[in-house]
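Peer 1: What follows is a predicted protein model with its sequence.
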Amino acid sequence: MKTVTADQIREISGVDTRKCMKCGRCSASCPAYDEMDIRPHQFISYVQNGNIEPLMNSKSISKCLSCFACVERCPRNVKPAKVIEAVRVSVLRQRGETILSADEMPELLDENMPQQLLMSAFRKYKK
């Protein structure tokens, strides 16, 4: 299995982790904070230090609600949720998992469901 690098996580997420000033506002605003073994601000530090393996094995990648509260609170526009999502995507790609196929999409459609929600779920659950 190919090892994921910090550069790959930065590329997938589009986040410049060097902008983080480690204030912790992202973690303080996270509604899933108590459920996470690695907090949003720690994800940024791990990527900065090139320590990706613990992130790949973290339960936090499935606990993140993708609510973007961390993104809204960050004074430096670092976007920790995008880093967490990049790690989640990397794990799914490594496992070769396809949890949701395009053929399954029509039965999930609901006229009241925002398209953004559907596309977000498709990106998360598709390799």
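Peer 2: Noted; the coordinates are in hand.

Peer 1: what about the most centrally placed residue in the chain, helix or strand, and which?
Peer 2: With distances taken as CA atoms, centre = their mean, Glu85 lies nearest the centre of the chain, 1.7 Å away. Assigned by DSSP states H and E, Glu85 belongs to helix 80-95.

Peer 1: before we move on, what about Ile9?
Peer 2: Using DSSP H and E, Ile9 falls in helix 6-13.

Peer 1: What average pLDDT does that helix get?
Peer 2: Helix 6-13 carries an average pLDDT of 94.

Peer 1: Who are the packing partners of that helix?
Peer 2: Packing contacts for helix 6-13, counted by 3 or more CB pairs under 8 Å, 6 or more residues apart in numbering; DSSP states H and E, involve helix 40-48, helix 80-95. C-betas here are computed from N, CA, C, even on glycine.

Peer 1: mind listing what's buried in the next helix or strand after the shortest one?
Peer 2: Helices and strands here follow DSSP H and E; after helix 40-48, the next one along the chain is helix 53-56. Judged by neighbour count using 16 or more other CB atoms under 10 Å, the buried positions of helix 53-56 are Leu55.

Peer 1: same for helix 53-56, what does it pack against?
Peer 2: Using 3+ CB pairs under 8 Å, 6+ apart, helix 53-56 sits against helix 40-48, helix 80-95.

Peer 1: try 10 Å
Peer 2: When contacts are defined as 3 or more CB pairs under 10 Å, 6 or more residues apart in numbering; DSSP states H and E, helix 53-56 packs onto helix 6-13, helix 40-48, helix 80-95.
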